[in-house]
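Visitor: Sequence plus the predicted model coming up.
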Amino acid sequence: VRTPLNGIVGFTNLLLETPLSVEQQEYMQTISSSGEALIQLTDDILDFARIESGKLKLDLQPADPRECVEEALDLMATRAGTKRVELLHWVDESVPEIVKTDPGRLRQVLINLVNNAVKFTEVGEIAVTLSAAKIREATETQPAEWKLIFSVRDTGIGIDKEKYDRLFRPFSQVEDSTMRRYGGTGLGLAISRNLVELMGGEIGMESEIDVGSKFTFTVKAEEVSPELKPAKVAPPNISGMRLAIVAAPGSLRNELTRLGERWGAQVKETTVEGLSATTWDMAVVDLPDNQAADLSALDEERPGMSREKMIALISLGLPLEIRTALRPHFRMLINKPAHHSALRAALGATASRKIMKPVVTANSFDLRVLLVEDNPVNQRLMQKVLADLGCTWTVAENGKIALEELSRTDYHVVLMDLHMPIMDGLTAIGGIRD
């Protein structure tokens, strides 16, 4: 079911990048949004059917809960940015680094909740927080067990307390008018509740009309022993750094200030104009789209604002030409919501360290790609995308052909489908690694 829907949405999005009349653009956007809604509906129904039949099993593996939060927010960044809704997050220091859980299902719950928050929030912010409480101390035979506590708070339309009981029912929304105005299947919260319970937790919410809502859920997870944790690069030490935070008063500035203080920096909240009157080693600047457009029109570096000492936080949907024009003014551009570890790494990189320059044109990739895909529609879609990225490619219809092709030719990248005849993608990947 998903394969033809992906083809419809993929080619519709490609068509939207071609010259169209205003009327044609509107029609194609409607087709695209309808196709995406149908994909979501299909996924929800399949998940709900698995849960109801008892066939849904957790895939427990070592995972960083921080990454689950940030990856869920990444997927919602474009929609939130379009509505000018700020995405925020905070992870308490009590949260263990690596736990044994199902990261895919954990992300699914977070995505469902954040997606709802974005849908019902027109102005303001959405904040995800994560804390932890230890349930069991580690012993010689058992690892420590934790209760992870997630919350998703928004400044949206809110929900009447008398209608709370309808929220987690399948195919149900608070009001019929809500479904007509905002869309949705009424399955997301029902699925989330079942997944949370499957992970040993519970879910609840509190809300106030015209103020917003806050959903809280917990999951149980065992801490992964140190010897089984994947190797990680130690974060840079920025203790003592004089860090200027340039952001409008509010939750984002508070988040950035708390991060700097957690990392040992000497934080100073200021404005762009105040930078020239402040002594600082690095500056993090929140750059709204309108300010980014104005700044991109300036050709020269501004006095007292060294490019090598400035990092900008920008929206994911900022046009490529504006991003390119901003590079003479900032050492690095980071998409919002910024991953905390990435921001710390950017601050800790010395000015002499070489920073990889992001792509500045759509046709700048000069890569040989092996496309392993059996579906003709997906083949054509990916070939068009690769052509737009300036890549050359070879198509292999299954894993067996892909292994034969790799034995003859070197490729920079392999794009591998998973479900194929003769030899599937996982088997082929195993063959490549061997």
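Guide: Yes, it's here.
Visitor: going forward, measure contacts between C-alpha atoms and count neighbours the same way
Guide: Noted.
Visitor: hey, which helix or strand in the protein has the poorest pLDDT?
Guide: Ranked by mean pLDDT, DSSP states H and E, the weakest helix or strand in the chain is helix 176-182, scoring a mean of 53.
Visitor: helix or strand right after that helix?
Guide: Downstream of helix 176-182, the next assigned helix or strand under DSSP states H and E is helix 188-198.
Visitor: give the contact list for the residue lying closest to Met282 once chain neighbours are set aside.
Guide: Nearest residue to Met282, sequence neighbours excluded (CA to CA, 6 or more residues apart in numbering): Lys309, at 4.7 Å. Lys309 makes contact with 281-283, 330-331, 351 under the criterion CA atoms under 8 Å, 6 or more residues apart in numbering.
Visitor: Which of those ranks first by neighbour count?
Guide: Neighbour counts for those peak at Ala283, which has 27 neighbours (criterion: other CA atoms under 10 Å).
Visitor: Neighbouring strands - and their directions - for the strand or helix carrying it?
Guide: Per DSSP H and E: Ala283 is located in strand 282-286. Paired neighbours of strand 282-286 in the sheet (DSSP bridges): strand 242-246 (parallel), strand 310-314 (parallel).
Visitor: In the chain, where is pLDDT below threshold?
Guide: Scanning the chain for pLDDT under 70 picks out the ranges 1, 171-186, 228, 231, 350-364.
Visitor: Which residue ranges of it form helices?
Guide: Taking DSSP state H, the helices of the chain run over residues 2-16, 22-53, 65-82, 103-119, 176-182, 188-198, 251-262, 289-296, 320-326, 340-348, 376-388, 399-408, 425-433.
Visitor: need the contact list for the residue most central in space within the chain.
Guide: When CA atoms, centre = their mean is applied to the chain, the residue found nearest the centroid is Asp74 (1.6 Å). Residues in contact with Asp74 (CA under 8 Å, 6+ apart) are Pro337.
Visitor: Swap in 10 Å and give it another go.
Guide: Asp74 makes contact with 68, 80, 87, 111, 316, 335-339 under the criterion CA atoms under 10 Å, 6 or more residues apart in numbering.
Visitor: ok now stretch 394-414, how far from the chain's centre?
Guide: Mean-position distance between stretch 394-414 and its chain equals 30 Å (CA atoms, centre = their mean, to the nearest Å).
Visitor: quick one: contacts of it?
Guide: The contact list for stretch 394-414 (CA under 10 Å, 6+ apart) reads 366-376, 379, 382-383, 392-393, 415-429, 431-432.
Visitor: Could you report the distance from the closest residue to Val91 other than its chain neighbours to Gln24?
Guide: Leaving aside its sequence neighbours, Val91 sits nearest to Leu130 (CA to CA, 6+ apart; 4.8 Å). In this view, Leu130 and Gln24 are 44 Å apart by CA to CA, to the nearest Å.
Visitor: who wins for neighbours among the contacts of Asp74?
Guide: Ala80 (27 neighbours).
Visitor: so that one makes contact with Leu87?
Guide: Yes. The criterion here is CA atoms under 10 Å, and Ala80 meets it with Leu87 at 7.2 Å.
Visitor: Mutual contacts of these two, please.
Guide: 73-74, 114, 118, 125-126.
Visitor: Nearest to Ala248 among those?
Guide: Glu125 (13.4 Å; CA to CA).
Visitor: And for that closest one, nearest residue in space, chain neighbours not counted?
Guide: Nearest to Glu125 is Glu86, by CA to CA, 6+ apart, at 4.5 Å.
Visitor: My guess is that neighbour contacts Lys336. True?
Guide: Yes. Using CA under 10 Å, Glu86 is in contact with Lys336, at 8.6 Å.
Visitor: Could you tell me which residues touch both of the two?
Guide: Contact criterion CA under 10 Å, 6+ apart; residues shared by Glu86 and Lys336: 77, 315.
Visitor: In this structure Cys391 contacts Leu367, no?
Guide: Yes. Cys391 is within contact range of Leu367, at 5.0 Å (criterion: CA under 10 Å).
Visitor: where's the residue nearest to Pro421 when sequence neighbours are not counted relative to Phe150, distance?
Guide: Leaving aside its sequence neighbours, Pro421 sits nearest to Asn398 (CA to CA, 6+ apart; 6.4 Å). For Asn398, the distance to Phe150 equals 41 Å [CA to CA].
Visitor: Which one of those two is surrounded by more residues?
Guide: Asn398 (24 against 20).
Visitor: so what's Leu88 up against?
Guide: Residues counted as contacts of Leu88 (CA under 10 Å, 6+ apart) are 70, 73, 125-129, 152-153, 251-252, 255-256, 336-338.
Visitor: So which residues make contact with the strand holding Ala283?
Guide: By CA under 10 Å, 6+ apart, the surrounding residues in contact with strand 282-286 are 241-248, 252-253, 256, 267-272, 275, 292, 305-315, 330, 332-334, 336, 343, 346-348.
Visitor: Would you list the buried entries among the contacts of Leu88?
Guide: Burial by neighbour count, judged by 16 or more other CA atoms under 10 Å, picks out 70, 73, 125-129, 152-153, 251-252, 256, 336-338 from the contacts of Leu88.
Visitor: Quick one: distance of stretch 119-128 to the chain centre.
Guide: Distance, centroid of stretch 119-128 to centroid of chain: 16 Å (CA atoms, centre = their mean).
Visitor: Look at the residue nearest to Glu125 and say how many residues are nearby.
Guide: By other CA under 10 Å, the residues close to Glu86 number 20.
Visitor: Next, work out how far apart it and Val123 are.
Guide: As for Glu86, its distance to Val123 is 9 Å (criterion: CA to CA).
Visitor: Show me the common contact partners of those two, please.
Guide: Common neighbours of Glu86 and Val123 (CA under 10 Å, 6+ apart) are 80, 154.
Visitor: what's the nearest residue to Phe330 if we skip its chain neighbours?
Guide: Using CA to CA, 6+ apart, the nearest residue to Phe330 is Arg307, at 4.7 Å.
Visitor: now swap in Asn237 and tell me
Guide: Per CA to CA, 6+ apart, closest to Asn237 is Gly348, 6.6 Å.
Visitor: mind listing what that neighbour touches?
Guide: 235-239, 241, 282, 342 are the contacts of Gly348 under CA under 10 Å, 6+ apart.
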